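Asker: Could you look at this predicted model? Sequence included:
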Amino acid sequence: MSKKSIRDVEVSGKRVFVRVDFNVPLENGKITDDTRIRETLPTIRYLTERGAKVILASHMGRPKGQVVEELRLTPAAERLSELLGKPVAKANEAIGDAVKAQVAKLKDGDVLLLENVRFYPGEEKNDPELAKAFAELADLYVNDAFGAAHRAHASTEGIAHHLPAVSGLLMEKELEVLGKALNHPDRPFTAIVGGAKVKDKIAVIEKLIEIADNIIIGGGLSYTFFKAKGYEIGKSLVDNDRLELVLEFERKAKEKGVNFLLPVDVVVGDAFSADANTKVVPVDAIPADWEAFDIGPKTRELYARTIAESKLIVWNGPMGVFELEPYKNGTKAVAEACAATSGYTVIGGGDSAAAVEKFQLGDKMDHISTGGGASLEFMEGKALPGVVALNDK
Ligand SMILES: Nc1ncnc2c1ncn2[C@@H]1O[C@H](COP(=O)(O)OP(=O)(O)O)[C@@H](O)[C@H]1O
Ligand SMILES: O=C(OP(=O)(O)O)[C@H](O)COP(=O)(O)O
Ligand SMILES: [Mg+2]
């Protein structure tokens, strides 16, 4: 990589602001998958072993610039402390006098986790004042938050203009592994896109049509395609601003000879709950007051067959609401097909990684990336603002 990493700079005795992605899935305040925290351990240990004072910052969820009690980073601090086997101090804010005082008290090798940076409206706006306030806490900036590297925010991009700025070991590893897989992709190359961040996911499909041989669509973005075709989609997720656009995708894929796969059947439910009434229906028969939460059995078979024939599979976004028992089968089937194939498998995304771990198939995948949206944008060939802002070698 042409960017400096923590290995290229002096860290001992320094106050180091490390942006991590501790946006881990939570259920009733408990962390259901700690992959993203575990993946930052090499960077944190590298720094503490060399006597750096480590100040960690992360976002959690999308609190939209205000304090949301359920989105505090306290559970992440506790889990990190268990994993590191040493105390991790937790601040109740991310900037200000109380935080400055906590930083001043840090001894070499200590670790402090700041509060959710998205509690501040300036974070997502990349406000230079907030970036400066972060920078005042430290002597060196390290970005290890690959999962948020596609966001130009104050703690991922702005701060890098105020301090020496280098990558962490996870960031470095992600860019290297994904870069290798995508530079000369083995073919057939299959991209699988699902999940709930519908606008973000639809935005990458245009580029995927240019690079992949098969595109598999599942999860929350499927229904925008069905609505565009004029089908009833009930209460399912939809992006009403992109109905024309998604029709264009299918035309473009056909023109390029790309196999564009949409679900043929779905599991609908009358509630977002583990004890909902559910049924399987063809995609053009979703009842008006029901919601589609998963792909159906025919789709599972179709997708598994395509995956089995692929040499490179990049998957981001669950096929359904895998967290709930009645809606987990689509994601499970795709995970099993990825685990069984001899092709190279890259699974990306906080929730996709959690799904693969839930089905105990993590060790059957070639690479589990901590970034979903980030890995898709990297794959598109887009420059990631959180990487661009770092110092060149
Ligand atoms: N049909 C659906 N309707 C509602 N939510 C869905 C649907 N399919 C998948 N999801 C949800 O998508 C979420 C993950 O989305 P996203 O964050 O985009 O994926 P990732 O973290 O892997 O990048 C999961 O929590 C899952 O419950
Ligand atoms: O969870 C994340 O991305 P992912 O859901 O694509 O894995 C990252 O933490 C980025 O979060 P964001 O999409 O709210 O900016
Ligand atoms: Mg996610």
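Answerer: Noted; the coordinates are in hand. Ligands and ions are numbered 1, 2, ... in the order given.

Asker: where does the stretch 101-250 of the chain come near ligand 1, residue by residue?
Answerer: Contact residues (Cβ under 6 Å from any ligand atom) of the stretch 101-250 of the chain with ligand 1: G194, G195, A196, K197, G219, G220, L237. C-beta here means a position set from N, CA and C on the backbone, and glycine is covered the same way.

Asker: Counting neighbours, what do you get for the fifth one?
Answerer: Put plainly, it is G219. Number of residues near G219 (other Cβ atoms under 10 Å) recorded here: 31.

Asker: where's the residue in the stretch 1-150 of the chain positioned nearest to ligand 1 relative to ligand 3, distance?
Answerer: Of all residues in the stretch 1-150 of the chain, P25 sits closest to ligand 1, at 7.1 Å by Cβ to the nearest ligand atom. Computed with Cβ to the ion, to the nearest Å, the distance linking P25 and ligand 3 is 8 Å.

Asker: Quick check: phi and psi on that residue?
Answerer: Main-chain dihedrals, P25, degrees, to the nearest 10: phi -70, psi 140.

Asker: List the contacts of the nearest residue to F378 once chain neighbours are set aside.
Answerer: What sits nearest to F378 in space, not counting adjacent residues and going by Cβ to Cβ, 6 or more residues apart in numbering, is L178, at 5.5 Å. Applying Cβ atoms under 8 Å, 6 or more residues apart in numbering, we find L178 in contact with V346, H367, S369, S375, F378, M379.

Asker: got those as a markdown table, with distance to ligand 3 columns?
Answerer: Formatted as a markdown table, the contacts of L178 follow (distance: Cβ to the ion, whole Å):
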| residue | distance to ligand 3 |
| --- | --- |
| V346 | 16 |
| H367 | 17 |
| S369 | 12 |
| S375 | 12 |
| F378 | 16 |
| M379 | 16 |
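
Asker: still on that earlier bit, isn't the residue of the stretch 1-150 of the chain closest to ligand 1 right up against D351?
Answerer: Yes: using Cβ atoms under 8 Å, P25 makes contact with D351 at a distance of 6.0 Å.

Asker: between these two, who's got more neighbours?
Answerer: D351 (24 against 19).

Asker: quick one, what contacts the more buried one?
Answerer: P25, G195, A196, G317, P318, G372.

Asker: do the same with G219
Answerer: With Cβ under 8 Å, 6+ apart, G219 has these contacts: V193, G194, G195, A196, K201, G317, P318, M319, G320.

Asker: Looking at the residues you listed, which is nearest ligand 3?
Answerer: Relative to ligand 3, the closest of the contacts of G219 is G195; by Cβ to the ion it sits at 6.3 Å.

Asker: In this structure that closest one contacts V321, no?
Answerer: No: G195 is beyond contact range of V321, at 10.5 Å (criterion: Cβ under 8 Å).

Asker: show me what contacts the residue located most distally from the centre of the chain?
Answerer: The centre of the chain is farthest from one residue, K105, which by Cα atoms, centre = their mean lies 33.4 Å away. Not one residue lies near K105 by Cβ under 8 Å, 6+ apart.

Asker: Check which element follows the host helix or strand of the residue nearest to F378 along the chain.
Answerer: L178 is located in helix 169-183, with elements delineated by DSSP states H and E. Downstream of helix 169-183, the next assigned helix or strand under DSSP H and E is strand 189-193.

Asker: That next one: partners in the sheet, and parallel or antiparallel?
Answerer: strand 214-217 (parallel), strand 312-316 (parallel) (DSSP bridges).

Asker: so A335 sits right up against L361, yeah?
Answerer: Yes: if you go by Cβ under 8 Å, A335 and L361 touch, sitting 5.1 Å apart.

Asker: neighbour-wise, which of those two wins?
Answerer: Taking neighbours as other Cβ under 10 Å, A335 and L361 compare with A335 leading, 29 against 19.

Asker: and that one, what is it in contact with?
Answerer: Per Cβ under 8 Å, 6+ apart, neighbours of A335: A355, V356, F359, L361.

Asker: Can you tell me which of those is nearest S12?
Answerer: Looking at the contacts of A335 and their distance to S12, the nearest is V356, at 37.4 Å (Cβ to Cβ).

Asker: and the closest one, helix, strand or coil?
Answerer: helix (DSSP: H, G, I helix; E, B strand; the rest coil).

Asker: my guess is it meets D366, correct?
Answerer: No: contact criterion Cβ under 8 Å: V356 and D366 do not qualify, at 11.7 Å.

Asker: More neighbours: those two, which one.
Answerer: V356 (29 against 14).
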